[in-house]
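Asks: This is a predicted model, with the sequence first.
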Amino acid sequence: MATDTTRLQGEIVENPEKKMLNIEQLLKSFLQSLIFEHKNKETPTSRNKKEQ
Amino acid sequence: MPIRGGNFKKKMRCLVIQLTQFGDALQSLMALRAAKLLYSNLEIHFLVKNSFSEAAKKIPWIQKVINLPTDELLEPLLSGESNPQEVINEITQWVIPLTETTWDFVVNWSYSESSSYLTALIPARVKLGYSRSPDVNFSSVDGWSNYIQAIIQGGSKQNIHLTDILTTQLLTALQIHMGEPADNGDSPLTSKNFFELKSTDQDILSSEPVTKNSQNAMTHVMWEELSSRKWIGIQLPKTTEKDHLWSIKNWAKLASLILKNNQDCHIVLLGQSTDQNTENAFLSDLQKEISDAHLFKRLVSLVGKTDFNLWASVVGRCHWVLAENTAVIHLASVLGTRVMTFSTSHLNWLEKGPYGNGHYIIASNQENQLIHPEVTYSIWSYAMNEWSHQRKHSLLEHLTRSGWGEYVESIQVYRSKIRNTQEGGGVKYEFQLDRPFLMDDWVAIVTGHIARAWYCGWVPPIGLELSRLMINPQLMKNLRELKKSSDVLLKICEEACKTALTLKSKSTRLRSEKIMNLGDQEELKALRRKLIELEELIDRLGKTHFPLLAFAKMSKVLMQNIRNVTTSNLGHECAESYQFLTEGIKILRDWITYTLSLAKPTSVRESPLKEIHPT
């Protein structure tokens, strides 16, 4: 089977600095998920992890 | 744009985000080591939690270790001393230096929700792992990350070790973006000198061997003498963990058997400062087992006395490390020290077992069943003496001769082995005792094979690790059932692919996707509805036939990652995803056909003697 390299190369960002992101939302969500993982001592690669 | 060959000599800055537990972080080091050996111009920056930063700083080929101070950030918030906005401000200050220049690569190996937000915040030309799209939706940005999300975190059986997944993922991406690597593929990935450790003689000299009468007042032991001995490391289980596979009494019994029967072996006890109660219990139990005080002179306890330097130094000098599944088994793997460990039913050691050649895993066949320390000792002594018996007699024969033959029904023993490249590479775990080959085992092998076909482009022949001897009636029965359900799944995926292509062609022909006549609108709606129904059917099949769960989960992940939401692009990407699943299901069916064929009777050649002397 020929491998489709686009599936493997990862996300390529044409102009990374100009990628429009909701920074505030990302920071807030980062903190919330850090707290959740800290409290639950979640192992990221653990099996049966709740779906994203 | 992909970073290609012309820039190959240029220094490439790669940020690896590894916010996992200590053991997982250690596993990823082997993948990074492989990348650094092949791409010397790769400058690796390692973003880790506090608990791993001390260890990471000892690795000479890591350019910089960046520490995420989770406890310092979160504790004041959790105790009410600071508010969320203050913490967000602190995080912002911490993140800013990471965002000042664009990275060539950001590799997120944490596979957690929090790390996906962090990855999105950091600018990079190429990203691997979990991230977030501009609309802050979850995004798994490469094939192997889809596999981790769908198969490993989704609870399907598969047999590719996490270290192999990370290595293949990174090396493939580097090859695509940086070109062919330098020819250094045979360099060893594990080494006693993996970490750059400072001399810790002073620490060792202050530790003392244990005697029967006094556990702490001993004569000093010279370092040179210490390091030249044959050391067996025992990492005591953590006091804080409730579910121990083995009691302290069993560990003490095992240690006593090693000391009594192996005059040349010395034991070093390892553990954290919080494990001192366990240490006391161990020594007390050991005293009950050993009447000869001289034997205690061959035991040193470093429980609570080791920083990372000393811990790694001792583990690296040990011939064997015996432990439950804790970080030490990964540390020993990295340092090339052999490991014997125990498996619990909820642990998937196929993915997270000790990496390398010659490690042993002992598993109980039944939940909560005791593995006798005497049996464990017998297995260890077989493993320890492999160099002399060359495994010419089996473990079963060894256990039977030692008087433990009756216990082989209740346990299973696996030995790790690195496959050669013709067999697909990576670590595998071979059965050392006969046991029925179960459907789970079969599914794990086949899923691993499908993953290699999906993401490596090359696979070993079907059935390479399967033999006629493994086939049993229950497996045959399960496979016949699976054949029927996989036929159904294949038809659904083919139908979904066809529907998605129709959606694409219909919407491409429209002048606008926003303004269209009612007939076209209804037609597109019906096609979308049909795709949703087919997706639900895949989901239902996965839930009722566990070997198909991997496809159902993968389907969800692929759909979730579809970005271009114009109807024609949606149709195109859906069709590609169903084509991808179809290729995997066809491999599954080939495996079913091949395995069922192994059960068919074959003609046996008549004895040549009969031909000479016909009756």
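Replies: Cool, the structure landed.

Asks: Next one, pLDDT for residue 42 please.
Replies: Let's take chain A. At A:E42, the pLDDT value in this model is 60.

Asks: oops, I was thinking of chain B
Replies: Confidence score, pLDDT, at B:L42: 95.

Asks: for it, phi and psi?
Replies: The phi and psi values for B:L42, taken as degrees, to the nearest 10, are phi -80, psi 120.

Asks: Who is it paired with across the strands?
Replies: With beta bridges defined as DSSP bridges, B:L42 has these partners: B:M12.

Asks: So it sits against B:K9, correct?
Replies: No: in this structure, B:L42 sits apart from B:K9 without contact. The criterion is C-beta atoms under 8 Å, and the distance is 11.8 Å. Where C-beta positions appear, they are placed from N, C-alpha and C, glycine not excepted.

Asks: low-scoring stretches of chain A, by residue?
Replies: Within chain A, the stretches falling below the threshold (pLDDT under 70) are A:1-4, A:17-18, A:42-52.

Asks: nope, the stretch 501-615 of chain B is what I meant
Replies: Counting by pLDDT under 70, the stretch 501-615 of chain B contains low-confidence ranges at B:564, B:602-615.

Asks: give me the residue from it nearest chain A.
Replies: When you check the stretch 501-615 of chain B against chain A by C-beta to the nearest C-beta, the closest residue turns out to be B:E583, at 6.0 Å.

Asks: Which elements pack onto the host helix or strand of that residue?
Replies: B:E583 is located in helix B:567-598, with elements delineated by DSSP states H and E. Where contact means 3 or more C-beta pairs under 8 Å, 6 or more residues apart in numbering or on different chains; DSSP states H and E, helix B:567-598 is packed against helix B:439-455, helix B:473-509, helix B:518-544, helix B:549-560.

Asks: Just the C-alpha atoms of the helix or strand hosting B:L166, please, in PDB.
Replies: B:L166 is part of helix B:162-178, with elements assigned from DSSP H and E. The C-alpha atoms that make up helix B:162-178 are tabulated as PDB, following Å, rounded to 0.1, in the frame of the first residue of the first chain:
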ATOM      1  CA  LEU B 162       4.700   3.200  22.400                       C
ATOM      2  CA  THR B 163       8.500   3.800  21.900                       C
ATOM      3  CA  ASP B 164       8.200   2.300  18.400                       C
ATOM      4  CA  ILE B 165       5.200   4.500  17.600                       C
ATOM      5  CA  LEU B 166       6.900   7.700  18.700                       C
ATOM      6  CA  THR B 167      10.100   6.800  16.900                       C
ATOM      7  CA  THR B 168       8.400   6.000  13.600                       C
ATOM      8  CA  GLN B 169       6.200   9.100  13.900                       C
ATOM      9  CA  LEU B 170       9.100  11.400  14.400                       C
ATOM     10  CA  LEU B 171      11.500   9.800  11.900                       C
ATOM     11  CA  THR B 172       8.900   9.700   9.200                       C
ATOM     12  CA  ALA B 173       8.100  13.400   9.700                       C
ATOM     13  CA  LEU B 174      11.800  14.300   9.700                       C
ATOM     14  CA  GLN B 175      12.300  12.300   6.500                       C
ATOM     15  CA  ILE B 176       9.400  14.100   4.800                       C
ATOM     16  CA  HIS B 177      10.600  17.500   5.900                       C
ATOM     17  CA  MET B 178      14.300  17.200   6.200                       C
END
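
Asks: Do any residues in it lie close to chain A?
Replies: Yes: shown here: helix B:162-178 in contact with chain A (C-beta under 8 Å from any C-beta of the partner chain) through B:L162, B:Q169, B:T172, B:A173, B:I176, B:H177.

Asks: Quick check: end-to-end length of stretch B:460-480?
Replies: Distance between the two ends of stretch B:460-480: 24 Å, counting by C-alpha to C-alpha, to the nearest Å.

Asks: ok, and for that stretch, which residues are buried?
Replies: Neighbour counts using 16 or more other C-beta atoms under 10 Å in any protein chain shown place B:G463, B:E465, B:L466, B:M470, B:I471, B:L475, B:N478, B:L479 of stretch B:460-480 among the buried residues.

Asks: Just give me the closest of those residues to chain A.
Replies: Distance to chain A across the buried residues of stretch B:460-480 (C-beta to the nearest C-beta) is lowest for B:G463, with 17.1 Å.

Asks: How about the contacts made by the residue nearest to B:T502 when sequence neighbours are not counted?
Replies: Closest residue to B:T502 apart from its sequence neighbours, by C-beta to C-beta, 6 or more residues apart in numbering or on different chains: B:L527 at 6.0 Å. Taking C-beta atoms under 8 Å, 6 or more residues apart in numbering or on different chains as the contact definition, B:L527 lies against B:T499, B:T502, B:L503, B:K506, B:G571.
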